[in-house]
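Asker: here's a sequence, model it:
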Amino acid sequence: MSKNDIWYGFLQAGKKSSPVVRDTRLETKNPKTIYLFNYVQGKFLEYSREMVEPKLQDLRADENLLNELKSAFKAARKVFVAGRSTHKQAIATAISNIKAAGLSYENDIPDIISDDTTDLLSEGDYAD
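Answerer: Predicted structure coming up:
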């Protein structure tokens, strides 16, 4: 993969093969997984690094496919990032409500809000 934030490639996985896009700015919060935009499915999917990385190849030069892939990726990324942003706002509201009730979300409600979830609140903004 290149050192750029965006990588265009191909997932060689038999009947589930697809052009894919990796945006390194989109992290899963799990070092064992990565997000890839799967062109055939038209959405971002979370993949096991161990399983998927050996099956990734650089995309062959096909200007039409690359342009179509870029366009689909940009549209899906806006929806994906907006969904994550909405999720972060809901978490922030929940934390505020918990604190207003005099509870501590770290100690009193461990099953509702995990460390991974609160990490979302400190993620950078994904503006285009």
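
Asker: name the spans of the protein whose pLDDT lies under the cut-off.
Answerer: Within the chain, the stretches with pLDDT under 70 are 1-3, 83-100, 102-128.

Asker: leaving out chain neighbours, which residue sits closest to residue 25?
Answerer: Ranked by C-beta to C-beta, 6 or more residues apart in numbering and with sequence neighbours excluded, the top spatial neighbour of residue 25 is residue 5, at 5.5 Å. Heads up, the C-betas are built off the backbone N, CA and C, glycines and all.

Asker: from residue 62, how far off is the one you found?
Answerer: According to C-beta to C-beta, to the nearest Å, residue 5 and residue 62 sit 22 Å apart.

Asker: for residue 70, give me its contacts.
Answerer: Going by C-beta atoms under 8 Å, 6 or more residues apart in numbering, residue 70 touches 8, 21.

Asker: what about it, which helix or strand?
Answerer: When elements are assigned from DSSP states H and E, residue 70 belongs to helix 63-100.

Asker: same question, residue 21
Answerer: Assigned by DSSP H and E, residue 21 belongs to strand 18-23.

Asker: and that strand, what does it pack onto?
Answerer: If you count contacts as 3 or more C-beta pairs under 8 Å, 6 or more residues apart in numbering; DSSP states H and E, strand 18-23 packs onto strand 6-11, strand 33-38, helix 63-100.

Asker: can you give the strand pairings for the first one, parallel or anti for each?
Answerer: Yep, that's strand 6-11 we're talking about. Strand 6-11 has the following strand partners under DSSP bridges: strand 18-23 (antiparallel), strand 56-58 (antiparallel).

Asker: touching that strand from outside, list them.
Answerer: Under the contact criterion C-beta under 8 Å, 6+ apart, strand 6-11 has outside partners 1, 17-24, 36, 38, 52, 55-60, 66, 69-70, 73.

Asker: lovely, talk soon.
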